[in-house]
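Student: predicted model, plus sequence, below.
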Amino acid sequence: MNFRASAPEEEAVALASEVIPSSATLGLRDLSFSYLGLSDLDTQRATVRMFTDLGLLSHFRVDHATFCRWVLTVRRNYRNETVPYHNWKHAFNVAQMMFAMLKVTGWEEKFSKVRRGISLVWNEHNNRVLFYFRLRSWD
């Protein structure tokens, strides 16, 4: 991922001002969830919801607009046409399944905040994403 290709701040402000539906409304806790009918905006909203519901933004004191810009930047940087399945929708699908597993199984209570976050972004190539927010604490 090339973090120099950051999403424009205006797009982040627009996403940050969106009403983010609950995970129940979005069906994110459902192990049979399908992302196929979702628009990119819907997947971006759902991504914000998952990280929020796991308490990651508050725990690491990540500003909502900054996180929205990160989501848009990750989306923007999926440009590898040589691997058709490794794209934004695939990354979202993996994150949603990990979110559902954490919520449905009770693993959320057994995992630290760092491990919860890693479980959602582990799919990301290079894993440089973990350092984007300059994490202040590991647990």
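Tutor: Arrived safely.

Student: closest to the centroid, which residue in this protein?
Tutor: For the chain, the residue nearest the mean C-alpha position is residue 47 (4.0 Å; CA atoms, centre = their mean).

Student: how would you label it: helix, strand or coil?
Tutor: Following DSSP: H, G, I helix; E, B strand; the rest coil, we place residue 47 in the helix state.

Student: can you tell me, leaving aside adjacent residues, what's nearest to it?
Tutor: residue 71 (5.1 Å; CB to CB, 6 or more residues apart in numbering). For glycine as for every other residue, the C-beta is placed from the backbone atoms N, C-alpha and C.

Student: so who does that neighbour touch?
Tutor: For residue 71, the contact set (CB atoms under 8 Å, 6 or more residues apart in numbering) comprises 15, 44, 47, 48.

Student: element containing the closest residue in space to the second one that isn't next to it in sequence?
Tutor: Of all residues beyond its chain neighbours, the one nearest residue 44 is residue 71 (5.4 Å), with distances taken as CB to CB, 6+ apart. With secondary structure defined by DSSP states H and E, residue 71 is part of helix 64-76.

Student: alpha carbons of the helix or strand following that helix, as CSV, please.
Tutor: On the C-terminal side of helix 64-76, the closest following helix or strand by DSSP H and E is helix 88-105. Output of helix 88-105 as CSV, limited to C-alpha atoms (Å, rounded to 0.1, in the frame of the first residue of the first chain):
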residue,chain,number,x,y,z
TRP,A,88,-11.2,-3.8,-1.4
LYS,A,89,-14.3,-6.1,-1.4
HIS,A,90,-12.1,-9.1,-0.4
ALA,A,91,-10.5,-7.1,2.4
PHE,A,92,-13.9,-6.0,3.6
ASN,A,93,-15.2,-9.5,3.4
VAL,A,94,-12.3,-10.9,5.5
ALA,A,95,-12.7,-8.0,8.1
GLN,A,96,-16.4,-8.6,8.4
MET,A,97,-16.0,-12.3,8.9
MET,A,98,-13.4,-11.7,11.7
PHE,A,99,-15.7,-9.1,13.2
ALA,A,100,-18.7,-11.6,13.2
MET,A,101,-16.5,-14.3,14.7
LEU,A,102,-15.3,-12.0,17.5
LYS,A,103,-18.8,-10.9,18.3
VAL,A,104,-20.7,-14.2,17.9
THR,A,105,-18.2,-16.5,19.6
